[in-house]
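**Q** Pasted the sequence and its predicted model underneath.
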Amino acid sequence: MSCCNAAEEGQYDLSQQIDPEDKRLINCKAVDVNQLHPLKYHWAWEHYINGCANHWMPTEVSMQKDIEIWKGGSLTDAERRVIMRNLGFFATGESLVGNNIVLAIFKHVTNPEARQYLLRQAFEEAIHTHTFHYIVESLGLDGREIFNMYNEVDSIKGKDAFVMKLTEKVLEPDFTTDTLEGKQEFIRNLVGFYVIMEGIFFYSGFVMILSFHRQNRMTGIGEQFQYILRDESIHLNFGVDLINGIKAENPEIWTPKLQREILEMIQEAVNYEYAYACDCLPDGVLGLNADMFKDYVQYVADRRMERIGIPAVYGSKNPFPWMSETIDLAKEKNFFETRVTEYQSSANLVW
């Protein structure tokens, strides 16, 4: 009987069908990672769908008004410093996250639906890096200066070096998550990039740039930062679910010692982010000052820790409640109402 006839008569060999319970997030030995169905972790698929629904390209955002403001002399030196510092951090920060996904995380995640999301996220990190190239070109900035700040500006270098260190062991050729120590090291990496890098280090910059946007200045950059913020909120949610899922599958890894180490990591990260805010705002600007960011970073850190099962330690209040509304898609304008171009259909593409 041909395979087509067998399919028509329902004579498939069901003995090889995957049991969803066997689809582990890491160390899945029994299941082919290429087989998406049946889904086990529907949250991973939902994050993938949400990411696709959030799709955008930087070149769809007009930079004309930003160019006029940047070249028109209306920005103070302090305001220019805020913008330059944030472009410098984000320009390479996004690449660090993307490289960590491709080189460190993807290899060790064995659940197909989680891998599907990681592929989407890696593409989004490329879009974010593209965004800063687009901004640099639009404003006529020195791209070498912006993209090399992570080597030359101490407040940026410290943050990037902090998370890069968390990738070193995972990138070693003999690294494995088969051991207790390996699983714990992998969790440290995930906390470092999802909870700290994307969940803490990015947020001071979001507040600073979106403060311009709220004053109807540098709206092109502000709009792109809004889109990036929405991407990052999904990245963070996926990362938290991934961390908690691995903990649930491997409860032995979540030791008091590991929890203390993660708390210390986050506290160290809060100090780095406060130093970065002081560097961006040495004298205050836009109604902002470094002390406000100390409260904000501590507030954000408490919320991140609570989501992965570590009690809050700071108790600070949120000095920027408007940020919650910016993240909430339902309260914002239509996400794509300001698009200036349409996607090309395949018939219009030049091959």
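**A** Thanks, I have it.
**Q** which residues sit against the host helix or strand of A269?
**A** Following DSSP states H and E, the helix or strand that holds A269 is helix 256-280. When contacts are taken as C-beta atoms under 8 Å, 6 or more residues apart in numbering, the neighbours of helix 256-280 outside the stretch itself are 81-82, 85-86, 89, 153-156, 158-159, 162, 184, 187-188, 191-192, 195-196, 200-201, 203-204, 208, 290, 293-294, 297-298, 301, 304-305, 308-310, 313-314. C-betas here are computed from N, CA, C, even on glycine.
**Q** got the buried residues for that helix?
**A** By neighbour count, and taking 16 or more other C-beta atoms under 10 Å as the criterion, the buried residues in helix 256-280 are 258, 262, 265-266, 269-270, 272-274, 276-277, 279-280.
**Q** burial of the residue lying closest to H133 once chain neighbours are set aside, as a residue count?
**A** For H133, the nearest residue in space outside its immediate sequence neighbours is G143; the separation is 7.1 Å by C-beta to C-beta, 6 or more residues apart in numbering. Using other C-beta atoms under 10 Å, G143 is surrounded by 13 other residues.
**Q** I'd like the distance from G143 to M218, if you could.
**A** Relative to M218, G143 is positioned 18 Å away (criterion: C-beta to C-beta, to the nearest Å).
**Q** D283 too?
**A** Note on D283: its distance to M218, by C-beta to C-beta, is 19 Å.
**Q** Between the two, which is the more surrounded one?
**A** A direct count of neighbours by other C-beta under 10 Å for D283 and M218 places M218 higher, at 25 against 9.
**Q** Going by contacts, tell me the helices and strands next to the following helix or strand past the helix holding A269.
**A** Next along the chain after helix 256-280, taking DSSP H and E as the criterion, comes helix 290-307. When contacts are defined as 3 or more C-beta pairs under 8 Å, 6 or more residues apart in numbering; DSSP states H and E, helix 290-307 packs onto helix 203-214, helix 219-249, helix 256-280.
**Q** For the last one, what does the pLDDT average out to?
**A** Across helix 256-280, the average pLDDT comes to 96.
**Q** ok, which stretches of the protein are strands?
**A** Residue ranges of strands cannot be listed for the chain, since DSSP state E assigns none.
**Q** show me where pLDDT drops low in it?
**A** For the chain, residues meeting the criterion pLDDT under 70 lie at 1-21, 30-31, 326-351.
**Q** What segments of it are helices?
**A** Under the criterion DSSP state H, the chain carries helices at the ranges 3-8, 42-53, 64-72, 77-100, 112-139, 143-147, 149-152, 154-165, 180-190, 203-214, 219-249, 256-280, 290-307, 322-327.
**Q** TSV please, covering those and showing distance to P173.
**A** Output for those, formatted as TSV (distance: least, C-beta to C-beta, whole Å):
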stretch	distance to P173
helix 3-8	41
helix 42-53	28
helix 64-72	45
helix 77-100	17
helix 112-139	21
helix 143-147	29
helix 149-152	26
helix 154-165	18
helix 180-190	13
helix 203-214	35
helix 219-249	22
helix 256-280	24
helix 290-307	32
helix 322-327	39
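**Q** who's in contact with Q64?
**A** Listed by C-beta under 8 Å, 6+ apart, the contact set of Q64 reads G220.
**Q** Also I200?
**A** The neighbours of I200, taking C-beta under 8 Å, 6+ apart as the test, are 266, 269-270, 273, 297, 300-301, 304.
**Q** same question, I105
**A** Listed by C-beta under 8 Å, 6+ apart, the contact partners of I105 are 118, 170, 189-190, 193.
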